[in-house]
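>>> Pasting a predicted model and its sequence here:
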Amino acid sequence: MSSFRLIDNPDLEFLAIDSQVLEQLYWCGEQGWEPELLPWWRAFCRSSQSVLELGTNIGYFAVQGGRAAPGVRYVAVEPHPVSAQICRRHLTLNQVASVELLEAAAIADPAVSTVSLLVPEEQAATPTVAFLPVDTELPPEMARNVTSAHEVPAIDVRRLLDGVDLIKMDVEGQEHALLAAMRQHLRRRRPTLFVEVLPGTVKLRALLAGLCTEDGYRCYAVTPRRLVELLPEQLATVRLRDEFGGQDVILCAADAALP
């Protein structure tokens, strides 16, 4: 299987296969996939002790975080079997030994051991969108044309939190359910959170505002050079991609120093 190196960071190597993420990386290098988020992810990984990434996909951010902070404990969780296999290849290609990959779906139910992972037709090869059928906040267009389902192992997200001080979440509409399940841990430990916030995610936005007003967090929109604080009342309506270029926010303890 052929591979390529990033045009703007030739130390990193990835597989040349059918994937929206990898296609953008092939043509544009690090500027091709969430470039506004990448420098902050590397910086926060370097200042953390234990990282949890939920929804690692083909492992791009796991490679970047693992290379930036090789001495930090890093657990990456990916339920789609093909994406997880590709992630393993990327970790090996880039000599990242610190990342532990769990092939499972993080869920908010300790009694469930397997779940059905739904994949839209146009995402069938190595999906950037794969989601669970329950407790999901997704724009309707993303949930259409589902043609395949994978029965995958499930793990209660609360089992993954011990010692974790940095969490990245890109779980296609499951962010609210997982954060709600973590709420006691967040209130007590206040780990830094990187959270994808899609349009229409009403429950997620309300929960993030609550973390700021009730649990000692501050929320920031992300640009390549600076973090822009968002007030809790802005979270309900802010159009992140239009205003800041990406769909993620970073939540930090209010008294924490930013990298």
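On my side now, so go ahead.
>>> so where do the strands sit in the protein?
3-6, 9-15, 50-54, 73-77, 99-102, 105-107, 114-120, 146-156, 166-169, 192-196, 217-222, 227-230, 248-253 (DSSP state E).
>>> right, so the ones you listed: which one is the most enclosed?
Across the strands of the chain, the average number of neighbours (mean count of other Cβ atoms under 10 Å) peaks for strand 105-107, which reaches a mean of 26. Glycine gets a C-beta too; all of them are placed from N, C-alpha and C.
>>> Which neighbours in the sheet does that one have, and how are they oriented?
Paired with strand 105-107 in the same sheet, following DSSP bridges, are strand 146-156 (parallel).
>>> follow-up on the earlier one: how about the strands of the chain in CSV, adding mean pLDDT?
Formatted as CSV, the strands of the chain follow (pLDDT from 0 to 100):
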stretch, mean pLDDT
strand 3-6, 98
strand 9-15, 98
strand 50-54, 98
strand 73-77, 98
strand 99-102, 98
strand 105-107, 95
strand 114-120, 86
strand 146-156, 85
strand 166-169, 98
strand 192-196, 97
strand 217-222, 98
strand 227-230, 98
strand 248-253, 98
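>>> Let me have those strands in TSV, extended by distance to Ala180.
Formatted as TSV, these follow (distance: least, Cβ to Cβ, whole Å):
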stretch	distance to Ala180
strand 3-6	37
strand 9-15	34
strand 50-54	14
strand 73-77	17
strand 99-102	21
strand 105-107	12
strand 114-120	17
strand 146-156	13
strand 166-169	12
strand 192-196	13
strand 217-222	15
strand 227-230	20
strand 248-253	14
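>>> among those, which is nearest Arg89?
Among those, strand 9-15 comes nearest to Arg89, with 6.0 Å by Cβ to Cβ.
>>> pLDDT weak spots in the stretch 1-150 of the chain?
Across the stretch 1-150 of the chain, the ranges flagged by pLDDT under 70 are 121-126, 139-147.
>>> what about 80?
Across the stretch 1-150 of the chain, the ranges flagged by pLDDT under 80 are 1, 120-135, 138-148.
>>> Would you mind listing the residues in contact with Val197?
Contacts for Val197 (Cβ atoms under 8 Å, 6 or more residues apart in numbering) come out as 175, 204-205, 208, 235, 240, 247-249.
>>> quick one: which of the residues you listed is most hemmed in?
Within the contacts of Val197, neighbour counts (other Cβ atoms under 10 Å) peak at Glu175, which reaches 26 neighbours.
>>> my read: that residue touches Thr201, true?
Yes - shown here, Glu175 and Thr201 form a contact pair, counting by Cβ atoms under 8 Å, at 7.1 Å.
>>> Mutual contacts of those two, please.
Listed as contacting both Glu175 and Thr201 by Cβ under 8 Å, 6+ apart are Glu137.
>>> Of the strands of the chain, which is nearest Arg88?
Nearest of the strands of the chain (Cβ to Cβ): strand 99-102, 6.1 Å.
>>> Name the strands paired with that closest one and say parallel or antiparallel.
Assessed with DSSP bridges, strand 99-102 is paired to strand 73-77 (parallel).
>>> Return the partner strand as CSV; C-alpha atoms alone will do.
Backbone C-alpha positions of strand 73-77 (Å, rounded to 0.1, in the frame of the first residue of the first chain) are rendered in CSV as follows:
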residue,chain,number,x,y,z
ARG,A,73,-0.2,8.7,28.3
TYR,A,74,-2.6,8.8,25.3
VAL,A,75,-5.7,6.6,24.8
ALA,A,76,-7.4,6.9,21.4
VAL,A,77,-10.9,5.4,20.9
